[in-house]
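> how would this look folded up:
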Amino acid sequence: MSKGYFITATDTSVGKTVISAKLLNYFMQSGKNPIALKAVQAGFDKDIDIYQDVLKKQIDPDSIMPYYFKKPCSPHLASSLEDNQISLNVIEDKVNILKEEYDVVLVEGAGGILVPLNKKETILDLIKQLDFETILVMDNKLGTINHTLLSLEVLRKNNIKVKGVIANNTKEPNVNDEYIRRENIQAIKQYGNIDNIIEVPYSEKITELNEKLLETIKSFIG
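Predicted structure coming up:
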């Protein structure tokens, strides 16, 4: 039976695609047959290239990217500009097809949890409809505590199964803010009442996993 995870975030540009790529790599090295689907893409079409780089094969874009829009803006606006309304059922149908073929299906959202997809529905509604365990990605920097705690609160109030939090580092480490990054994780554990939180270090080789990170992700997935 296929296992599914929804990859969401506290904000845009926190590295959901990088984390998805590393998770794909982890599952491959664990002997699984994984795939990732980008629910909605607006303005940047290279995510599939990153997926393909990890999976080492060509993938039909239509099978893993139900919606692609040219303008780099919120999905509801991008779809409106192209007169192509986003349907959760269309995305779910694509996911169900992948579940028949792959052991693990990762669904990467767009921006944060309450990003609107159409006039009535948000990313949160998509998470509910797919009913996947959710992984929350945060950018480990100043200001992330508030964003992450608010995101966790929304997920829990809506009875979403939260697998855990991944603290991603989108910039090269700086010794001057190391104490902030360290405290971010401790504060989120305490105030967010969540134990399953790991940190992913900055790396220019975004799809690669070293032995230490491989073990870290293994403990996170369980």
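> Might you quantify the distance of the biggest strand by length in the chain from its chain's geometric centre?
Ordering each strand of the chain by length in residues (DSSP state E) puts strand 104-112 first. Computed by CA atoms, centre = their mean, to the nearest Å, the chain-centroid distance of strand 104-112 equals 4 Å.
> Then stretch 214-222?
On CA atoms, centre = their mean, the centre of stretch 214-222 falls 16 Å from the chain's centre.
> Now the following helix or strand past the longest strand of the chain: buried residues?
Next helix or strand after strand 104-112 toward the C-terminus (DSSP states H and E): helix 123-130. For helix 123-130, burial by neighbour count (16 or more other CB atoms under 10 Å) applies to Ile123, Leu124, Asp125, Leu126, Ile127, Lys128, Leu130. C-betas here are computed from N, CA, C, even on glycine.
> Tell me which helix or strand in the protein has the weakest average pLDDT.
helix 47-55 (a mean of 87; mean pLDDT, DSSP states H and E).
> Now whichever helix or strand comes after that one: buried residues?
Using DSSP H and E, the helix or strand that follows helix 47-55 towards the C-terminus is helix 61-64. By neighbour count on 16+ other CB under 10 Å, the buried set for helix 61-64 is Ile64.
> so what does helix 61-64 touch, helix or strand wise?
Using 3 or more CB pairs under 8 Å, 6 or more residues apart in numbering; DSSP states H and E, the elements in contact with helix 61-64 are strand 34-38, helix 47-55, helix 88-101.
> Tell me where the chain is predicted with low confidence.
Along the chain, the parts satisfying pLDDT under 70 run over 45.
> tell me the residue furthest from the middle of it?
Distance from the C-alpha centroid of the chain peaks at Asn176, with 28.2 Å (CA atoms, centre = their mean).
> for that residue, helix, strand, or coil?
Three-state call for Asn176 (DSSP: H, G, I helix; E, B strand; the rest coil): helix.
> can you tell me how far it sits from Leu142?
Distance, Asn176 to Leu142, by CB to CB, to the nearest Å: 11 Å.
> Tally up the residues packed near Phe220, please.
Number of residues near Phe220 (other CB atoms under 10 Å) recorded here: 18.
> okay but it is in contact with Asn196, surely?
Yes: under the criterion of CB atoms under 8 Å, Phe220 makes contact with Asn196 at 6.3 Å.
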